[in-house]
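Chemist: the sequence and its predicted three-dimensional model are supplied below.
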Amino acid sequence: METVTKQDNTKKMKRGTSPWAIARKKFVRNKIAMISLTYLVLIAVLSFLAPYITTADITRVNLSSMGLSPSAEHWLGTDKGGRDVFTRLLYGGRVSLTIGISCVLIVTIIGTFIGSVAGYFGGKVDSVLMRFTDFILNFPFLIFVIVLNSILFRHVDGVIVLIIVISVLSWGGIARLVRSKVLAEKENEYVLAAISIGTKPSKVIMKHLLPNILSTIIVQMTISFASMIVAETGLSYLGFGVPQGTPSWGNMLSGAREIDVLQGMPWVWAPPGIILVLTILSINFIGEGVKDALNPKSYR
Amino acid sequence: MIKYILRRLLGMIPMLLLISIVVFSLALAMPGDPFGGEIDPTNTDPEYIERMREEAGLNDPIPEQYVRWITNFVQGDFGKSVKYRYDVKDLILDRLPNTVFLGIMSLIITYIVAFSMGMYAGRKPYTKMDHLIGGFNYFGLAVPSYIAGIVAIYFFSFKLGWIPYTGSVGVGLEPGTLEYWISRFHHVLVPAIILGLMSTASYTQFLRNDIIENSRKDFVRTARAKGTSESKIYNSHILRNSIIPLVTFLGFDLVNLISGAVITEAIFNYPGLGTLLLDSVQSRDYAVVMTIVMFSSLLVLVGNLLADILYGIVDPRIRLE
Amino acid sequence: MKKSWLWLASMLLVLALFLAACGDSDEEEQEQDDTEDTEQQDDTEETEGDSGPAQGGTFTYAIASGPTGPLDVNFYGSSSEAEVNQFVQESLIDYDENLEPIPYIADWESEDNINYTFTFQEGVKWHNGDELTVHDWVLALETLAHPDYTGPRWTNVADIVGAVEYRDGEADSISGINVISDYEIEIEFVEAKVNNLVNLWTYPMNTTVYGDMEVADMEEDALIRNEIIGTGPFTMKNYREGEYYELEKFEDYWQGEPNLDGLVVQVVPNDSVIGALESGQVDFVSIAPRLAEQAGEVEGVSVVTAPGLSYYYVGFRLGYYDHEENVIAGQYDKFQNKLLRQAMWYALDREPWVEEFFGGYGEVINAPVPPAHWIAADPADLNPYEYDPERAMELLDEAGYIDVNDDGWREDPDGNEFTIEFSHYDTGDPAFETRAQAFVQNWQDVGLNATVNMVEVGLYYDTLEESDPTDAPDFELFFGGWSTGVDPDPSGLWTSDALWNYPRFLNEESDQLLADALNVDIVGTDEDEQKANRQQIYTEWQQLINDEAPMLIITALDAVYAKQDRIKGFTIDVNGWNNPSEWYIEAEDQE
Amino acid sequence: MATTEELNKQTQSNEETEYLLEVNNLKTYYPIKGGFFKKTVGHVKAVDGISLKIKKGETFGLVGESGCGKSTAGRTILRLNKPTEGQILFDGKDITNVSGSNLRKARQDFQMVFQDPYASLNPMQMVGDIVSEPILNYNKRKNKKELKKEVMELLNRVGLPEDAYYKYAHEFSGGQRQRIGIARSLALNPKLVIADEPVSALDVSVQSQVLNLLKDLQDEFDLTYLFIAHDLSVVKHMSDRIGVMYLGGLVEVADKDSLYDEPLHPYTKALISAIPEPNPQLKKERIVLEGDVPSPSNPPTGCPFHTRCPLAKPECAEIKPTLKEVKPGHQVACILYD
C-alpha cells in the first residue's frame, strides 16, 4: 500500500503517522533497549560471520595444545580438545541463536495460527483446538526429545531434530495467549465491520485481528526467544540437546560438568555463561522496550 | 463451584488417557531396553537377559502390554523397576519426600524474599534500593538455573565450604532428631534458592508494580485523607489487594517446580524424583519413567485447575461456569 | 516503612548466619567425633604402646553412583552394589596378585577338575553370631539354582551336576553337592573344565536368616536389599538407600578385630569428588584417571594406582549375528581387507591419546588381554603397531586404497568413494567426542575420509547388539571397552557363537585355540603344567588377534585411587586391596 | 424455495408498495449453558419474534431502551448473527439461511454504520485502505489509480479532507471517524444501510452534522435506512416510520407523526413523555416507569411490559398481545386496543 503513494501525484500530501511509526520512535528513545539491541545485533553478526572472522578449525582436536589459558594466540584459551574457545564461542553462538530464532519463528507461526483460528471461529473448532493445545502443553518433553533424537539420529541433523522437538512442543503458550487476545479483540466493532463489508474469514484474521494483537505476539516472541535459548542450552547441558560434536553455548557450558574444567579452566565455561546471560538479559530488555513502545494507549 | 471442579476433574480423564497412550508409545519407541548397556560379560549370560525380558513382558504384543500397564496403573500398581529391582511405587514414595521438601522450601524462600523485596520496592519506587532490586530481578530472570547452580557450587561448596554438594542429608543422623532436620534444611537450602530464583524475580516485579498501582487508587487516597497512618495504609489496604492476585500464581508454580526440579536436582545430585527420572530415562527403566511422567502430567493438570479455581475465588468477576 | 526495611535486612542476616553456621556446625560435629575417638585411642595406646597399628577412627569411602538394586552379593546387579557388599560379605576363596585362586575361608582339592572337595575354616562367625558352615554355602548354591531366583548368577552354578534338574523342578536338591560334615563338602561338575573353580559361586548365605525365606520374595526383602549380613570385617549399621551406608566394625571378625571403628560408603559424584577430598570429607575413592592429577595436588592426598583389568578398543563390524541360532551368520565386505585394518591401527597415535584423555594412567597394548593377567602374551611376541602414518599409507596403497579422483581422500580398490563412520557412545561427557575426534583425525591424516558419530549411550549398546543381515551395519566402526574378571578365558567375547563378540569376528583358528585352552585333555590337570600350556595357547591366540586386527586394541587402564595420607596399612594390587580390617588411621591424625 | 405462502405475500406486497426488506417473526436466542455437562439450560431471548417491512427509500426508525434487542435485531437482519427462527427477505430474496460465499455476495447490498466510531475502525489501517477494502473484497478491481480516485471522492463526499486517505484513525476526532465509517459503508453502493446508533457516542455538537450528512446521502445515493437509536428525538428527526421495541419484541409501529402525536402503547407514551421539551413554557406530564427492565433470559409471561405498565390489568399477565393494525398504518401490541 505504500508503493501506491510513491508513484502518485498525491505524494505531496502529508502522510499520517502509523501506530508502528509511533512505536518505533518510542523504542529508539529507550536507551536500555537500544543498548541491548546493539549488543544482540553485534553478537549475532559476529556469530554468523564466524567463518570470516576466525580461521581456526572448530572440530579439529589438537592434543598438543589442550587446556591452554588465554593468550595472544588463543584469546579465550583452549578447551580440553585443544580447540580455540573464542572460535567455538562464535560458532556456538551461531548454533544457539539459530536454534533460538528458528524455534521462535516456528512456534509463533504454529501458535498464532492455532490460537487465532480457535479464537475467531470459536465453538467446536475452538474446543477441539484447545484440547489439543492442553495436550501438547502436557507432553513429556524430555522423553520426546530423546525418542525423536534416536529415531532420527542417522537421517536428520541433530540441530534440526532439536529445533523440531522444541518447536513442536512449545507453541501451546502462544496459542493460548493469541486465542484469548483474539477473543477480546473480536468484540471490537471493526471486526464486525470487516465481516459486514464482505471480508473473508482468512483476511479478517490476517489483516484485522493479527495486526492488532501483533504487539502482544512480538512481546511474547521476545520472551520465548529467551526461553528457547535457555531450553537449548539446558538440554545440551544435560546431554540431551545439540550433538556433542557441534559447538553450542550449552555444549560449551556442559564442559563445566567436569570438575577439573569447572575448577581449573574457567575460561572454557565462563565466557559462554556470561555471553548467554547477557544475551538473555538483552532480549528481555528489548522485550520490555517493545512492550512499552507498542502500548496501545498511544494510538487508540 | 464444586460442580465446576468435578467437571474439570472428569475432563482430565480423557486427557490423562491420551497422555498415557503417548507416554506408553514413546517408551516403546525409545531405543534400547534396560537389559542392554555395559554388561559384565563374565557374570551375565545372554539367556538371563532374555529371561528378564520375558519376565518384564517386553515380548508381548503391544496393545496387550498397554492394556496390562494401564489397568495395573489405575489400580495403583506401577510395575517394578528393572534397574532397582524394586516396586516403582515404593521407589517413588522413597524419593517423593525429598522433592516435595525441595519444592516447599523453594516456595517459602520465593515468598519470603519476593515479599520483602517487592514490598520495599513498591513502597519506595524509583529509589536506589528499588533500582537495585529491579536489577536483581532482571538478573534473576536472565540467569538459567544450571548456570546459577554451577556458580553456587563453585563458590559456596568448593571455595567457601558452606554448603554440601550432594545428597539430601548428612551421614549417620537419626531421622527425627533436630540435627537431622537441620542437615536436611542445610542440604536443600541452596538448591531451593536456585529453583526459586526465577519465580522470585517475577513475583517481586509483580508485587512492586501492583503496589505502585494500588497506591494511586481512590481507596488509598480516601484512607490518606482520613489520616490513616502510612504503614497501616500499606500493610492493611494495599498489601491485601496486591497479595490476592499472587495467590493465583500458586498453580503455575506447581508446574514450574516440576520441570525446574529435574535440572536443579541434577546439578546438586539431590536424590529426588528429578534425578530419578533422568537416571531412569538413561537406563531405559520404563516403569519408572512412565510413572513419573504420568504423575507430573497429572500434577500439571491439577496445577492449572488450582490456578483457575484460585482465580475464581480471588476475582469474583470471573465466573467459573 | 522502617519495619519492612528491617525485616528485609534481618531476613538476609539470618540467611547468611544460617549458611555460615551450617558450615561451622559440620566442623564442630567432626571435632566432637574426633575427640571421642581420641579418648578411646588413648586407652588402646596405653595397652598396646607402639607395637601395632592404631585403633579407632572412621573411614569414608566414596563411590561415584549409588547402588540401585539389592546389595546382597547373591542378588546384586551393578558394581555400585559390590562397592558396599565387599566390606560386609566375603568369598570363600581369594585370588593372588596373578589372579590365581588361593584358599581363604575354604581350601580345596581336585584331582581331575571334575570333583572338588572343599574344607572350611572352623570358627568363622557370621555377624549375627552364627558359625559359618558348609550348609550356608549349600543354601546359596541352591538359591542361585532355584527356579524362582531373579538374580543374574545362574551360570555360576549351572555346571554342577544336578543343577539343571533342580532348576527345572525335577529334583529337590542338587545331586552334585555332597555335604560330608559341617566343614567339608564335595562338589561334582558336569565336565572337566579348567575354569570350573573360578566359575563356581563361592559366597555363602546365612541359613538362620534366609533359610526359611521364599526365593521369589528374597529380592525385595530388606535383609537382601539393604540390611545384608555376612562374615566380613564390617556390619551394616545404618543406611540411606542410594546415598550412604554406614558400617560398623565386626568385633568377632575371624581375621581379628578391625582397626577402624567404622566405615562409611558414601555416594559422591565425580563432579564433587575433588572438593570432597580437599575438605577431608572423603578418605578414599576410585577416581577417574583424568581427575587423578588434580586429586594428587590436594594437600594430604596421594594417588595410588594398581594394574586394572579393563581395556579399550576400536572394533570393526565385520559381520552380523543371528539371534535365533545364537551364531554369527555372515560377514560384510567393507572391512574384510586385513591390510586396511592394520593400516588403520598404524595410523593411530595412541600414546599421547592415553596421556591426554586418561592422564597417562594406562598402558598401550596390542592384544585383548590386560597385561596384569597371567595369560597376557609377552609384548615382544606381538606386533606393537607403533604410530607410523608412513607405514599406514604404504599398506593402504598396497591394499589398493588410493586417491584416484584427487579429492584428498582415498577411494576403495574399485575406485568408489570410501568413507568411514566412527561411532562412539555419548553420555553427555564432553571428553568423549574429543577423544573420538582425535582418532578420526589420525585416519584423516593418512587419507581416509573418516567422521565421528556420537550416539546416545542407551541406543548405542542396543544398536551394537542388533543384527542387520542385509544392509550395511548401523555401526561400521565403534568404540568399546571390556573389563575381564578373574577367569582368563576370553571365549564369551570372541567365539563365533558369543553374543558379545561385537566385531562379529568369525575365525575357525581362533575358536579352536580358545576351545583348546579349556580342554583338560590338551592342557592336562596338573596345576603347573596346565598353567604353562594354557599360557602358550593364549599367547598363540593373542598373536592371531594381533595380526588379524578385528579390533584395534588401544590401551589397558589402570585402576586409579585417591587416598588421604592419614590412612595407613593399605595395599592394593590387581585383585583389589588388602583386607580392610588391616586399615588404620594414625593416632595423631585422628584429632 | 419460495412457498406459496411466500409468493402470496410477495404478490401482496408488490400490489401495495415495493418493500426492500421484509422481516417475519425474527428470533435471535443465545443459549445459556449450565449444569454438570454444559447443557443448554435456557435462552437469552434477545430478539423474540419481530416482524417489519421497510419500503424502498424510506427510513425506518427502531427505538427502545438499551438492552431491548434493537442492536441484535439490526445485526441479525444483516446476518452478522445467526437468526434462531424467522425469515428475512431482502429485495424479495430469502437471505435467512444463506451462508459462506453466497452470504458474502448478498452483503454488497446492505451495509452497516456502527455505534462506536473508536472501535469500529481498525487502528492499524490507513483510512484509504479502510474505505477501499469493501471494493477490493468484491473484486470490483479497477486499476489502482481509479480505485484511489473513487475512494478520495467518497471521502470528500462525507466531508473529509483529501489527505485523510493517508492517515490513521487515531488522528481523527469522533465525528470524523464516523464519517469514515459512513464512507466505508457507502463504498459498495448498498441499497440498505443499517445505522446502529450512529451518533450516540458523539458530542451533541457534531451529532446533527452527522445526521444531516446521512440524510443528504440518502437522497444522493437512493438509500433505504434502518435507523436504530434509543433517543426518540434523534429518531424523530430521521425517520419516516418508527417501530418501538421492548424486551425483544415490537410493541408499536406507526408513521412518525402518528406515533408522536398519538402514541397508543403505554410504553411508547412513557418514552415520549420523557423527551425533554425544548420550550420550557410548555409543561407536560411525565410518565415515570417503575421497576427495572426484566431479564430477557426470563421474560414475564403474557405481555412483557405488564410488570411495569401503569395500566396493566390482571389478564395482561396471561395474554401475550400481538401487533394489530388499529388505524391505517398504525400497529400496536396491547390488549387495551383489542
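Modeler: Arrived safely.
Chemist: show me where pLDDT drops low in the chain?
Modeler: Using chain A here. Chain A contains residues with pLDDT under 70 at A:1-14, A:56, A:140, A:142-143, A:146, A:149-155, A:296-300.
Chemist: look at chain C instead
Modeler: Applying pLDDT under 70 to chain C flags the ranges C:1-52, C:271, C:467-470, C:588-591.
Chemist: now it against chain A: closest residue?
Modeler: Per C-beta to the nearest C-beta, C:Gly428 is where chain C lies closest to chain A, at 2.3 Å. Every residue, glycine included, has its C-beta placed from N, CA and C.
Chemist: how far away is that residue from A:Gly250?
Modeler: Distance, C:Gly428 to A:Gly250, using C-beta to C-beta, to the nearest Å: 11 Å.
Chemist: how many residues are close by the nearest residue to C:Asp445 once chain neighbours are set aside?
Modeler: Leaving aside its chain neighbours, C:Asp445 sits nearest to C:Pro389 (5.9 Å; criterion: C-beta to C-beta, 6 or more residues apart in numbering or on different chains). Other residues near C:Pro389 come to 17 when the count uses other C-beta atoms under 10 Å in any protein chain shown.
Chemist: stretch A:241-249 and chain B, any residue contact?
Modeler: No - applying C-beta under 8 Å from any C-beta of the partner chain, one finds stretch A:241-249 out of contact with chain B, separated by at least 10.1 Å.
Chemist: touching chain C at all, that stretch?
Modeler: Yes - using C-beta under 8 Å from any C-beta, we find that stretch A:241-249 touches chain C at A:243-245.
Chemist: the more surrounded of C:Gly428 and A:Gly250?
Modeler: A:Gly250 (29 against 18).
Chemist: run through the residues that contact that one.
Modeler: Residues in contact with A:Gly250 (C-beta atoms under 8 Å, 6 or more residues apart in numbering or on different chains) are A:96, A:232-237, A:241-242.
Chemist: and it, how far from chain D?
Modeler: From A:Gly250 across to chain D, the span is 38 Å (C-beta to the nearest C-beta, to the nearest Å).
Chemist: SS state for that residue?
Modeler: helix (DSSP: H, G, I helix; E, B strand; the rest coil).
Chemist: how about the residues of the stretch 151-300 of chain B by chain A?
Modeler: Checking the stretch 151-300 of chain B against chain A by C-beta under 8 Å from any C-beta, the hits are B:151, B:153-154, B:158, B:259, B:262-263, B:266, B:277-278, B:281, B:289, B:293, B:296-297, B:300.
Chemist: recalculate using a threshold of 7 Å.
Modeler: Selection of the stretch 151-300 of chain B residues close to chain A by C-beta under 7 Å from any C-beta of the partner chain yields B:154, B:158, B:263, B:266, B:281, B:289, B:293, B:297, B:300.
Chemist: tell me where the model's unsure across the stretch 1-150 of chain B.
Modeler: For the stretch 1-150 of chain B (pLDDT under 70), the answer is B:30-59.
Chemist: got a winner among the residues of the stretch 151-300 of chain B next to chain A for most neighbours?
Modeler: The most crowded member of these, judged by other C-beta under 10 Å, is B:Val289 (28 neighbours).
Chemist: state the distance from the nearest residue to that residue once chain neighbours are set aside to B:Ser81.
Modeler: The shortest distance from B:Val289 to any non-neighbouring residue, by C-beta to C-beta, 6+ apart, is to B:Ser280 (4.8 Å). Separation of B:Ser280 from B:Ser81 (C-beta to C-beta) stands at 8 Å.
Chemist: what sits in contact with each of these two?
Modeler: Listed contacts common to B:Ser280 and B:Ser81 are B:Val288; contacts here mean C-beta atoms under 7 Å, 6 or more residues apart in numbering or on different chains.
Chemist: quick one: is whichever strand or helix holds B:Trp181 near chain C?
Modeler: Using DSSP states H and E, B:Trp181 sits in helix B:178-215. Yes - using C-beta under 7 Å from any C-beta, helix B:178-215 reaches chain C at B:His186.
Chemist: could you point out which element follows that helix?
Modeler: Heading C-terminal from helix B:178-215 (DSSP H and E), you reach helix B:218-225.
Chemist: got the buried residues for stretch B:142-149?
Modeler: Going by neighbour count (16 or more other C-beta atoms under 10 Å in any protein chain shown), the buried part of stretch B:142-149 is B:142-149.
Chemist: scratch that, stretch A:246-261 is what I was asking about
Modeler: For stretch A:246-261, by 16+ other C-beta under 10 Å, it's A:246-261.
Chemist: what of stretch A:62-80?
Modeler: Residues of stretch A:62-80 classed as buried: A:62-63, A:65-68, A:74, A:76-80 (neighbour count, 16+ other C-beta under 10 Å).
Chemist: how about CSV for those residues, with distance to B:Tyr311 added?
Modeler: Shown next, in CSV, are the buried residues of stretch A:62-80 (distance: C-beta to C-beta, whole Å):
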residue, distance to B:Tyr311
A:Asn62, 58
A:Leu63, 60
A:Ser65, 59
A:Met66, 56
A:Gly67, 54
A:Leu68, 56
A:His74, 55
A:Leu76, 49
A:Gly77, 52
A:Thr78, 54
A:Asp79, 49
A:Lys80, 51
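Chemist: returning to what we had before: narrow the contacts of A:Gly250 to those in helices?
Modeler: A:96, A:232-237 (DSSP state H).
Chemist: of all the residues you listed, which comes closest to chain B?
Modeler: Distance to chain B across those (C-beta to the nearest C-beta) is lowest for A:Tyr237, with 5.1 Å.
Chemist: chain center to the helix holding B:Trp181, what's the gap?
Modeler: Centroid separation for helix B:178-215 versus its chain: 13 Å, with C-alpha atoms, centre = their mean, to the nearest Å.
Chemist: run through the neighbouring helices and strands of it.
Modeler: Packed against helix B:178-215 by the contact rule (3 or more C-beta pairs under 7 Å, 6 or more residues apart in numbering or on different chains; DSSP states H and E) you find helix B:88-123, helix B:128-142, helix B:145-152, helix B:239-247, helix B:249-268.
Chemist: how many residues are close by B:Ile153?
Modeler: Counted with other C-beta under 10 Å, B:Ile153 comes out at 26.
Chemist: quick one: it and chain C, what's the gap?
Modeler: Distance from B:Ile153 to chain C, by C-beta to the nearest C-beta: 8 Å.
Chemist: and for D:Val332?
Modeler: Going from D:Val332 to chain C by C-beta to the nearest C-beta gives 70 Å.
Chemist: isn't that residue up against D:Val326?
Modeler: Yes - assessed by C-beta atoms under 7 Å, D:Val332 is found in contact with D:Val326 at 5.6 Å.
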